[in-house]
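J.: Predicted coordinates and the sequence they were generated for:
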Amino acid sequence: MSIAELMQTVQFVVDQQGQQTAVQMDIATWNALQRLIEDLEDMAEIAQAQQEQEETFAWETVLAEYQTLHGLKADVSP
């Protein structure tokens, strides 16, 4: 659901002067809005991580080091 579609489904509560004071929305719209916000937050975190110049490690390297340090075979995959 797009932002425009979300905005078309909300209802406004108004005071005696006709000023909007609150917004009402159904649960489906609320859930869609939450997912949209979470997606936007994830995108911002990814963009920030891409700008940082920190060293990264290949998954295979991390897995091999874990197995060596703990003497275990890790049952995980990327």
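T.: Nice, thanks for sending it over.
J.: In this protein, where is pLDDT below threshold?
T.: Along the chain, segments meeting pLDDT under 70 span 72-78.
J.: Contact partners for the residue nearest to residue 20 when sequence neighbours are not counted?
T.: In space, and not counting its chain neighbours, residue 20 is closest to residue 12: 4.6 Å by C-beta to C-beta, 6 or more residues apart in numbering. C-beta: built from backbone N, CA, C; applies to glycine. If you count contacts by C-beta atoms under 8 Å, 6 or more residues apart in numbering, residue 12 has them with 20, 22-24.
J.: one more time with 10 Å, if that's ok
T.: 19-24 (C-beta atoms under 10 Å, 6 or more residues apart in numbering).
J.: Check residue 25 too.
T.: With contacts defined as C-beta under 10 Å, 6+ apart, residue 25 is in contact with 6-7, 9-11, 31-33.
J.: do that again at 8 Å, thanks
T.: By C-beta under 8 Å, 6+ apart, residue 25 lies in contact with 6, 9-11, 33.
J.: And it, how close does it get to residue 33?
T.: 7 Å (C-beta to C-beta, to the nearest Å).
J.: who touches both of these two?
T.: Going by C-beta under 8 Å, 6+ apart, residues that sit against residue 25 and also against residue 33 are residue 6.
J.: Straight-line length of stretch 19-31, end to end?
T.: Taking C-alpha to C-alpha, to the nearest Å as the measure, stretch 19-31 stretches 26 Å from start to finish.
J.: coming back round to it: which of the three states applies to the residue nearest to residue 20?
T.: Assigned with DSSP: H, G, I helix; E, B strand; the rest coil, residue 12 falls in the strand class.
J.: on that earlier part again, looking at the contacts of residue 25, state which has the most neighbours.
T.: Neighbour tally across the contacts of residue 25 (other C-beta atoms under 10 Å): the maximum, 17 neighbours, falls on residue 33.
J.: quick one on the thing from earlier: which strand residues sit across from the residue nearest to residue 20 in the sheet?
T.: residue 23 (DSSP bridges).
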